[in-house]
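Engineer: starting from these lines, generate the structure:
(3 chains)
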Amino acid sequence: MADMKVGAYLCQGCGLAERLDIKALAAVAQKEGKAQVVREHEFLCNGQGVAMIQKDIAEEGVNRVVIGACSRRAKVEAFHFPAAAITRVNLREQVIWSQPDTDEARELTQEMAADYIRMGCAEAKKTAVPVPNPAAGHNKRILVVGGGVTGMTAALEAARGGYDVLLVEKEAALGGFAAKLFRRVPFAEPYAEPQDNGVASLAAAIKATPRIKVFLGATTTRTSGAPGNFSVDITTESGPTVTEAVGAIVMATGFRPYDARRLPEFGFGASPLVVDQAGLEALARAAGEKGQAITRPDGKAVKSVAFVQCAGQRDASGTHLAYCSGHCCNTSIKQAMYFKDQNPDIDTAIIYTDLRTPGNGEDFYRSAQRKGVIFTKGQVAKVESAGDGLTVHFHDLILNDEAATISNVDLVVLATGQVPNSGVNIEAKPAEGADANVPSVSVLNLTYRQGPDVPQLKYGFTDSHFICFPYETRRTGIYTAGPVRRPMDMVQAIEDATGAALKAIQSVESASHGRAVHPRAGDLSYPSFRREGCTQCKRCTVECPFGAIDEDEQRYPLFNEGRCRRCGTCMGACPVRVISFENYSVDTVGAQIKAVDIPDEFSEKPRILLLACENDAYPALDMAGMNRRVSSAFVRTIPVRCLGSVNMIWITDALNSGYDGVMLMGCKHGDDYQCHFVKGSELANYRMSKIDDTLKNLNLEVDRVRIMEVAIADIERVPTLIDEYAAKIREIGMSPFKGF
Amino acid sequence: MARKEYSFYPGCSSERRASASNYMVSVESMCKKLDIKLNEIPDWNCCGASIGYAQGGELPRHVMNARNLAISEQVNKGQDVVATCAACWLGAKETKDRLAHDSGLLAEANEALREAGMNLTYKGEQEVRHMVEVLIEDLGYDELKKPVVRPLEGMKIAGYVGCQTNRPFGIAGESFENPKYLDHLVEIVGAEPVTGYDQKVTCCGGALAFSEPEKSQAQIKKIVESAYDYGAEMIVTPCPVCQMNVEIYQGQINKRYGTKFNMPVTYYSQLMTVAYGGSAKEAGLNGQIVRASRLEEIAAKNR
Amino acid sequence: MGDQNTSMVQKYRNDFLKEVEANVEEGAWVKMCMQCGVCAGSCPLGPAWEHPPQEIFMMIRAGRREEVLKSESMWMCTSCYNCIVRCPRELPITHIMHGLANYAHRLGLAPKMNPTRRFAKIFWDNIAKSGRVNELELSVRLYFMDGFKAGVLKGLAMKDIGIGMMKTGRLNPFGLFAHKGCKDIKGIHKMLKKAYEIEDRKKGFVA
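Structural biologist: All right, here's what the predicted structure looks like:
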């Protein structure tokens, strides 16, 4: 790059000038960092300081800006220069605030700052100014798959936001599971009585919204493309297949009840008097339509009803659903009220182990108690026919009576759980694929290389970052909402639908500007690869957590920038290092590693490289600094987008160039992961599990490289981990590779 | 005219030669010093106390209390009813509460009340309050401190609130788990409250001290022991049942458990009377089975 | 008293909860218990209860009538009101326990020899007689409730306390003869008679 011009700007504010020799740092930037323009400023983030930089960009042609001031997480608006590539050197939080303010510490603190200036200048020279994705899609229409309460709500919310919506429902009418309900659990004060199921008014609102186009009896038979540019085939049962262009997709395909036939011990199938909750709704609806009381299926009057909670749920044996579906206690309460409202003399017993009434269910629970519904803490063992009715055998957990019974029961209602309609489990191992709980019919029929549906996390529910980004799936631009995402009730599903609709809107807007969505929202950089170097090993296409990379006809990776979250997992995966971003690459980090001044073996000054995930570990380090928490001065930290982006070459390079140790700090992985890129941390751990061999080949101790899980709240723990590791390095001694 | 005037419900234990007669003596002295006039409800009857329920049932028990309140409404017009005994206060207040929220029960109570003399009808016009409530709310800590002429300096006192002055009604603004008013009163009279006293609201066994002595005495042991553990030299309480149970069974507890308890248990009104310059006799200190020697010494001092 | 019980059994058949709701003071609250057990953990005599309140409520709902009414448990209540103030569902537990004890006593099902039951009866009779407590008479009757010999023994054990109370002027040695009581004791007797009448009528007790 002939016209690259690096400007280094050193701030003297926030105590930097008192703690550091800024002049000396400026000299480092100039002599070692080869910055063409070097300036100091007493208060760099103020109007004057910013104007100074702007002037250099405009008049001096500076296009690589190195800011030696505070953390990259601070003053983001002030140091925003779209015409230049920005490199931030964190002299404040991670140098002066994390080192003791003493005369003895001065030398090491200055060395630390000088290294960071070297690193910043080295990085700057390897970056380019990102330009928006040229393949950005501009379609802002939103497709909602599933016309139940969740889907209808999402459609209405998106339409209210000013976006056109296509709503696809596989049944002949809108309403989904809610339409099958006689009444629903109340949503509003005083949370005391069952309410109309609300489907008719939602459907009417859809009908009255011209922006929403409804496809009934229809499915999505082919989905390709990327955010802002999806192409979807909608196939109607009786009609033709139409191809529609959309910008984002909300998947609200709901749930189906767990199959009660798997619970023969409760008499389902053996006696018509045993129904599941859906079965009772059907009885209640049929009776309600005729304006009659609910009767037994044989037409006889109901005098006694028992509700069996957690039927085939919260099962520790592995036979049935392991989880709680969240809505069923309130649902049974509601159904018991059907009977109490019909005739207060009907005995209704709800047999539960733990009554869970989320939201305002507590009021609803109380209302049922007032109506005389009996709540019995017990575990049902068996339901059997006896005479004209049923006998429920249960273990009374309060009275510790294992042989408790309720006899002459006319109806037993089983509270079975929710099974998500999440399509094909694309990551299932063949043995798991046969599980009858997981449907094998695809919902979206994605043409993605990784498979036709959104990935699942556990029990068939779709994968999403449950803490930070609940609606995000691992398919950018596709958002799941409602019970397909996790078990939930209708109130939660409505909230979910609203959230997913807003996320879809965010996605189409970001896509149209060629920007990334969370967690690197607004990032314009995107990956490219050097075709001639690619060996077609497919690791990038397989490992991308977001299925962003397909294959072209010649079997080279085909990056779909719109689907990319810019985590760099592909870059970390690539064995031949051909994948890079404009402002983040094997070289930008590699150059920083090499720029650090490595003192010789006898200096007693080890150097430890810390590759810190920018999502949690790096902010935790910043916050430790804000708390003036001191940690080792021998550590040099480089933020990485995700541990998934860490290429093994960085580690071998670091060890070869004489670093004494390498630490990697990333987010928690596993089923309850906190990795912001879902799989990055997991992949990094997998890759690092093989590092021991490399170390042995280099004749190095395995402790020279360590990977750690940290969370953003680990403000005290992160510096402790650093100090413990520094002590460990002191114990095993200096690296033998220095000076080679 | 007195500063404050109340319709007074003294209760059975406060009668002459009854178990809380010393309480009564000190209350009279304290009120005199504070210029509070107590107008006794004529011909008052027992509240039924906490044990009356079993034979007394629901309505008869409420009727007993309604009679006192109705007489008060008739005779001591416009005055709040004040009780010194926790059980009397609780019983009367409970009746007021129940009859206020149950018109059927009110009608029934009045139907029965008509059978008694004095042509009584209970209307629910008067508040039912405890003496400490009146002191704290109507006078306030600052006013209560003013007459102190003989601060109980150097005394460390555990404020044992017990149950029925504390639950279920309690004193407004105080928590059920850690009420502080008694500690404040101890402070006001110049003594040091034992703030960490962890058996402050433990039940002494109440009426079950008679019927289930072993179980009750186990409770009392905890109450006294904790006072010793926290360095208290005296326990102070607002409740006659608490006072009696915690004081008089110490001998039996010593026999049962081999302890050496000899902890004086006094009423707040006794502390206040002494601090206000009253004599040991005026404070009813001659009524202590475990003599409150330190307090007697202070009471013997010149002001 | 056995008649009372038979008639209640006939009236309510198996629905003990309904019976409790109709006949027991604050019994309508029983159905509101959510089985958290805070009452059991808050009771000063908790370990002495065969069935803590939480269990009693469950037994009522499960229709275990005899077991509940014959239980010694409710008689362990010291009326400390800790359960009331801590119950997250705000059940008046103390009153319900009193109500159940009273109901069991009325039906003749309460344990005959339970000391608290016997004390409670003596106490009420004592106050109903004169309108006010006669502490000496109460103590004397209490000591002799198990017969003369037991009474003397118990009296001897309590001798120190009694003497202490007398010496300090807190027990009247002549209380058996000199206790005055209320002036309108006749009115009080009539009033109580009426109250019992109303309560019996309301709760369907046979005359």
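Engineer: now find how far off-centre the helix or strand of chain C with the lowest mean pLDDT is within its chain.
Structural biologist: One helix or strand of chain C scores below all others by mean pLDDT, DSSP states H and E: helix C:175-178, with a mean of 72. Between the centre of helix C:175-178 and the centre of its chain there are 26 Å (C-alpha atoms, centre = their mean, to the nearest Å).
Engineer: so whichever helix or strand comes after it, near chain B or not?
Structural biologist: Where DSSP states H and E defines the elements, the next helix or strand beyond helix C:175-178 is helix C:185-203. Yes. Helix C:185-203 comes into contact with chain B (C-beta under 8 Å from any C-beta of the partner chain), by way of C:186-188, C:190-196, C:198-199, C:202. For glycine as for every other residue, the C-beta is placed from the backbone atoms N, C-alpha and C.
Engineer: rewinding a little: helices or strands next to the least confident helix or strand of chain C in the packing?
Structural biologist: Counting contacts by 3 or more C-beta pairs under 8 Å, 6 or more residues apart in numbering or on different chains; DSSP states H and E, helix C:175-178 packs against helix C:135-143.
Engineer: domain ranges for the chain?
Structural biologist: Looking at chain A here, since you left the chain open. A:1-131, A:142-256+A:420-512, A:259-416, A:528-565, A:598-740 (automatic domain parsing).
Engineer: let me rephrase: I mean chain C.
Structural biologist: C:2-112, C:115-197.
Engineer: what about chain C, any weak spots by pLDDT?
Structural biologist: Under the criterion pLDDT under 70, the flagged ranges of chain C are C:1-2, C:207.
Engineer: circling back to that earlier point, list only those of the residues of helix C:185-203 next to chain B flagged as buried.
Structural biologist: For the residues of helix C:185-203 next to chain B, a neighbour count by 16 or more other C-beta atoms under 10 Å in any protein chain shown gives the buried set as C:187-188, C:190-192, C:194-196, C:198-199.
Engineer: keep the residues you listed, but drop any that are not near chain A.
Structural biologist: Filtering those for proximity to chain A by C-beta under 8 Å from any C-beta leaves nothing.
Engineer: which one of these is nearest chain A?
Structural biologist: residue C:199 (24.6 Å; C-beta to the nearest C-beta).
Engineer: which residues touch that closest one?
Structural biologist: B:57-60, B:108, C:205 (C-beta atoms under 8 Å, 6 or more residues apart in numbering or on different chains).
Engineer: at 7 Å what do you get?
Structural biologist: Shown in contact with residue C:199 (C-beta atoms under 7 Å, 6 or more residues apart in numbering or on different chains): B:57-60.
Engineer: A strand includes residue A:380, no?
Structural biologist: Yes. Counting by DSSP: H, G, I helix; E, B strand; the rest coil, residue A:380 is part of a strand.
Engineer: just the helices in the stretch 201-303 of chain B please.
Structural biologist: Along the stretch 201-303 of chain B, counting by DSSP state H, counting those that start in this stretch, helices occupy B:208-211, B:213-229, B:240-248, B:250-257, B:268-275, B:293-300.
Engineer: how about the residues of chain C near chain A?
Structural biologist: For chain C, the residues in contact with chain A (C-beta under 7 Å from any C-beta of the partner chain) are C:31-32, C:35, C:54-55, C:58-59, C:61-62.
Engineer: and the stretch 51-200 of chain B, which residues reach chain C?
Structural biologist: Residues of the stretch 51-200 of chain B found near chain C (C-beta under 7 Å from any C-beta) are B:51-60, B:63, B:67, B:108, B:111-113, B:115-118, B:163-164, B:167-168, B:176.
Engineer: give the buried subset of those as a PyMOL selection command.
Structural biologist: In PyMOL, a selection of the buried entries from those looks like this (16+ other C-beta under 10 Å):
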select buried, chain B and resi 51+52+53+54+55+56+57+58+59+60+63+67+108+111+112+113+115+116+117+163+164+167+168+176
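Engineer: tell me how many other residues surround the closest residue to chain A within chain C.
Structural biologist: Residue nearest to chain A within chain C: residue C:58 (4.3 Å; C-beta to the nearest C-beta). The tally of other residues near residue C:58 (other C-beta atoms under 10 Å in any protein chain shown) stands at 25.
Engineer: other SSEs contacting the helix or strand where it lies?
Structural biologist: Element membership for residue C:58, per DSSP H and E: helix C:53-61. Secondary-structure packing of helix C:53-61 (3 or more C-beta pairs under 7 Å, 6 or more residues apart in numbering or on different chains; DSSP states H and E): helix C:16-23, helix C:38-42, helix C:65-69.
Engineer: now do 10 Å
Structural biologist: Under the contact definition 3 or more C-beta pairs under 10 Å, 6 or more residues apart in numbering or on different chains; DSSP states H and E, helix C:53-61 sits against strand A:374-386, strand A:389-396, helix C:16-23, helix C:38-42, helix C:65-69, helix C:93-107.
Engineer: so which of those comes closest to residue A:328?
Structural biologist: strand A:374-386 (13.6 Å; C-beta to C-beta).
Engineer: and the closest one with helix C:16-23, angle?
Structural biologist: For strand A:374-386 against helix C:16-23, the angle by axes from the mean of the first three to the mean of the last three C-alpha atoms, to 10 degrees is 140 degrees.
Engineer: adjacent strands (with direction) for strand A:374-386?
Structural biologist: strand A:347-352 (parallel), strand A:389-396 (antiparallel) (DSSP bridges).
Engineer: which SSE is immediately downstream of the last one?
Structural biologist: Helices and strands here follow DSSP H and E; after strand A:389-396, the next one along the chain is strand A:401-409.
Engineer: list the buried residues in that following strand.
Structural biologist: A:401, A:404, A:406, A:409.
Engineer: so who does the nearest residue to the third one once chain neighbours are set aside touch?
Structural biologist: The one in question is residue A:406. Once flanking residues are discounted, residue A:406 sits nearest to residue A:392: 4.6 Å by C-beta to C-beta, 6 or more residues apart in numbering or on different chains. By C-beta atoms under 10 Å, 6 or more residues apart in numbering or on different chains, the contact set of residue A:392 is A:266-267, A:274, A:304, A:306-308, A:349, A:351, A:376, A:378, A:380-384, A:386, A:404-407, A:409, A:412.
Engineer: next one: residue A:521
Structural biologist: By C-beta under 10 Å, 6+ apart, the contact set of residue A:521 is A:506, A:510, A:515, A:565-566.
Engineer: any idea how far residue A:666 lies from chain C?
Structural biologist: Separation of residue A:666 from chain C (C-beta to the nearest C-beta, to the nearest Å) stands at 42 Å.
Engineer: same deal with residue A:699?
Structural biologist: Applying C-beta to the nearest C-beta, the value for residue A:699 to chain C is 63 Å.
Engineer: name the element that residue belongs to?
Structural biologist: Going by DSSP H and E, residue A:699 is not in any helix or strand.
Engineer: between helix C:16-23 and the helix holding residue C:58, find me the angle.
Structural biologist: 100 degrees.
Engineer: please compute how far helix C:53-61 lies from its chain's middle.
Structural biologist: For helix C:53-61, the distance to the chain centre is 18 Å (C-alpha atoms, centre = their mean).
Engineer: likewise for stretch C:55-72?
Structural biologist: With C-alpha atoms, centre = their mean, you get 17 Å for stretch C:55-72.
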